[in-house]
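K.L.:
Please find the sequence and the predicted model below.
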Amino acid sequence: MSFHIFNSLSRSVEAFIPLDPAGKKVGFYCCGPTVHDFAHIGNFRTFVFADLVRRYLEFRGYTVRHVMNITDVEDKIIKRVREQKTTLREYTGTYEAAFLDDLNTLQCLPPTDLPHATGHIAGIISLIEKLIARDIAYKAADGSVYFSIEKYQGCGCRYGQLVKLNFEEMRVGERVSADEYDKQSLADFALWKSRVPEDGEVFWESPWGQGRPGWHIECSAMSMALLGPSFDLHLGGEDLAFPHHEDEIAQSEGAGVQAAGKRFVKYWMHGAHLLVQGKKMSKSLGNFFTLRDLLARGFTGREVRYLLISAHYRETFNFTLEGLEGARTAIGRLDECLSRLQELAGAENATPDAGLVARFTEALDTDLNVSAAWAVVFEWVRETNRALAANGISAPQAASSLASWARLDSVLGLGRAKVDGPPLELSALLDERQAARKAKDFKRSDAIRDELKAKGWMIEDTPKGPRLKRL
RNA sequence: GGCGGGGUAGCCAAGUGGUAAGGCACGGCUCUGCAAAAGCUGCAUUCGUCGGUUCGAUUCCGACCCUCGCCUCCA
């Protein structure tokens, strides 16, 4: 079997075959954040999903160029810059840094490229010029440039590749904002927005006057600039499928820059939403948690990461703090097993268990069935624990087990729990307690147990003697 | 209204035309001076409802009910 994914273009599971004739390089784009505020963990579900896909591609031997854009100019940002009397760069810099920090906390690999919309204005302008030259885009009376869906379709292109559209039945137009009525058709969308007084100092010069890019165009410009006019994979949250991704296709294919018969993107993948009490987690509903909220409650990035990748990416799933507690327990069991293996293995080196890796691979090959992959992991944990309890694991076997985990974890990205050994003076106390127990002075031994507990360490009495564990 | 998901044990969640993975919670047990921790173990005759196809359906078909998302900024 090979890696199979659900392609939103065909609405079916397809074998993943890269455009690269050598079958090695993969061009991968994921719509990144608009840095107007702290991202919430619903947003991060998508980015962790993208990280999982990227890691799995690398696990599968591909060389991935992973591009994630930073949208650093947009209506909300401009509004906040004005309100807070700051500059665009200063404002977006704060939230971009926070975003990258959070991404790191969630143990996501840094994308290969992090292009900024404001860094690609020239590319955006030249893409719009191509569209105007082909008569697919037009300048309106207010100086803005719009994309004409009618003209695009007139060229034999298809609008509505990712979603089935029925313009008659769509509610387009009910909520069109006042500044957009210079459009020829309600479904048309802005490529370039002319400068208005509220924009303050946020504007760029263009052949159509001062202004700024529309929302969708930067992804087309940046992805094609870095990955070429046709590339393999484009990811994003399911809410971006329409209109954002549909418009990206229209702009990119409308510019006519692809080789004959080639599409803008070969495979589109969309991640489902995170819910809170059955509703989409969103800023507007106010039912969101930022990663910082969760860290403040004592959870760790790897616990949140585990929770976010514990469910299949195409299924919505409910976020609860109880679920996060459960994630903590589950990871704890895994960590416990790993640390016991480590104690046994010492510095031995070994090769992974091929059977385990094969079962894991089979699960993920099937459209990234991560639930099934976790089942493989936890079945392995139980078997390992059984063997450990029966003293049936040799040092080389333990080392091989750890090597297997390292292989699996290159995809899961959980890493190992941070274990700092107990300070020396505590070991002395532990010895003293053992002596007291031997002498049946349980009053003394229990007092030491309490003292250690007060210092944040828990004694775990095992058949092989006591161990200290951080509370 | 159009389009697209989903309804599987207390909760989260895989899956298959042949009789239900995994995680959490809960119960039992082992270990222990007592605990704790840890580990093992048990835990859905049943997969929204009603029909149909079939030797056999949770899995296919039809109808219905409930629910979420997109159609507006949105991961």
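P.N.:
Now that the structure is in, tell me what you want to look at. Numbers count the residues shown, from 1 in each chain, chains lettered A, B, ... in the order given.
K.L.:
Apart from its neighbours in sequence, what residue is nearest the residue in chain A positioned nearest to RNA strand B?
P.N.:
Proximity to RNA strand B, evaluated over chain A using C-beta to the nearest atom of the strand, is greatest for A:G237 at 1.7 Å. (Each C-beta comes from the backbone N, C-alpha and C, glycine too.) Nearest non-adjacent residue to A:G237, counting by C-beta to C-beta, 6 or more residues apart in numbering: A:T46, 4.5 Å away.
K.L.:
Walking through the stretch 201-350 of chain A, point out its strands one by one.
P.N.:
A:211-213, A:231-237, A:265-271, A:274-276, A:279-280, A:317-318 (DSSP state E, counting those that start in this stretch).
K.L.:
Tell me which of those strands sits nearest to A:G61.
P.N.:
When those are compared by C-beta to C-beta, strand A:231-237 sits nearest A:G61, at 14.5 Å.
K.L.:
ok, and for the closest one, which residues are buried?
P.N.:
Neighbour-count burial for strand A:231-237, counted by 16 or more other C-beta atoms under 10 Å, picks out A:F231, A:D232, A:L233, A:H234, A:L235, A:G236, A:G237.
K.L.:
wait, isn't the residue nearest to A:G237 in contact with A:P33?
P.N.:
No: assessed by C-beta atoms under 8 Å, A:T46 is found out of contact with A:P33, at 9.4 Å.
K.L.:
quick one: which of those two has more around it?
P.N.:
A:T46 (27 against 24; other C-beta atoms under 10 Å).
K.L.:
Okay, now the unreliable bits of the stretch 51-200 of chain A?
P.N.:
A:168-181 (pLDDT under 70).
K.L.:
can you map out the helices along it?
P.N.:
Using DSSP state H, counting those that start in this stretch, the helices found in the stretch 51-200 of chain A span residues A:75-83, A:88-105, A:121-133, A:149-154.
K.L.:
The shortest one and RNA strand B in contact?
P.N.:
This points to helix A:149-154. No: using C-beta under 7 Å from any atom of the strand, we find that helix A:149-154 stays clear of RNA strand B, coming within 11.8 Å at best.
K.L.:
Need the CA coordinates for that helix. CSV is fine.
P.N.:
Only the C-alpha atoms of helix A:149-154 are listed here, as CSV (Å, rounded to 0.1, in the frame of the first residue of the first chain):
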residue,chain,number,x,y,z
ILE,A,149,-16.4,35.0,-12.2
GLU,A,150,-18.4,35.3,-15.3
LYS,A,151,-15.4,36.1,-17.5
TYR,A,152,-13.4,33.4,-15.9
GLN,A,153,-16.1,30.8,-16.7
GLY,A,154,-16.3,32.3,-20.2
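K.L.:
Which other helices and strands does it contact?
P.N.:
helix A:246-254 (3 or more C-beta pairs under 8 Å, 6 or more residues apart in numbering; DSSP states H and E).
K.L.:
Thanks again, I'm all set now.
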